[in-house]
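**Student:** Fold the following.
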Amino acid sequence: MGKKDLRITLEAQSDVDIQLYDKAAAAVVTCGPDGKAIIGYFDGEDACKKGLLGNNDDGGEESATYSGLDFSYSGYSGVGGNLGNEYIQIEGVTNSVLNMKALG
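**Tutor:** Now for the predicted structure:
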């Protein structure tokens with residue numbers, strides 16, 4: 001919380017996917033201890049597990065605004081199609097506790 005213009009880069013030898021969760025009190029009350037997914041693929045309708053980003057059909061780059069911040073995600077297909085090479089970029093000052101996971 002309180003970090004400005006954050007960028008997280010993941011480079012892995014194999015397919016690893018980034019997930020990012022909002023752990024603010026309201027998200028935890030609504031969604032449980034893991035919080036609400038902001039970025040994360042989920043094959044289902046659970047709004048807490050299905051990220052705002054990370055669920056497009058082509059796995060490509062996408063952006064969205066969440067809680068007043070602009071989030072960009074490389075997509076689960078990776079940077080330049082290189083699976084396991086992904087990034088998250090957050091523009092603005094983070095206003096809640098965030099938890100990043102690497103799944104793979």
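
**Student:** In space, what's closest to Val28 - neighbours in sequence excluded?
**Tutor:** Of all residues not flanking Val28 in the chain, Gly35 sits nearest, at 5.5 Å (Cβ to Cβ, 6 or more residues apart in numbering). The way it works is simple: take the backbone N, C-alpha and C, and place the C-beta from them, glycine included.

**Student:** So that neighbour sits against Gln19, correct?
**Tutor:** No: Gly35 is beyond contact range of Gln19, at 10.6 Å (criterion: Cβ atoms under 8 Å).

**Student:** Spatially nearest residue to the residue positioned nearest the centre of the chain (excluding sequence neighbours)?
**Tutor:** Closest to where the C-alpha atoms of the chain average out (Cα atoms, centre = their mean) is Ile39, at 2.4 Å. Using Cβ to Cβ, 6+ apart and skipping the chain neighbours, the partner closest in space to Ile39 is Leu20 (4.1 Å).

**Student:** tell me the SS of the one you found?
**Tutor:** Following DSSP: H, G, I helix; E, B strand; the rest coil, the label given to Leu20 is strand.

**Student:** okay, now it: neighbour count?
**Tutor:** Here the count is done by other Cβ atoms under 10 Å, and Leu20 has 24 residues near it.

**Student:** what residues are up against the residue nearest to the centre of the chain?
**Tutor:** Ile39 makes contact with 18-20, 51-54, 71, 73, 88, according to Cβ atoms under 8 Å, 6 or more residues apart in numbering.

**Student:** which residue ranges form the helices in the chain?
**Tutor:** Using DSSP state H, the helices of the chain run over 25-31.

**Student:** gap between the residue lying farthest from the centre of it and Gly104?
**Tutor:** Computed with Cα atoms, centre = their mean, the residue of the chain farthest from its C-alpha average is Gln13, at 20.1 Å. Separation of Gln13 from Gly104 (Cβ to Cβ, to the nearest Å) stands at 10 Å.
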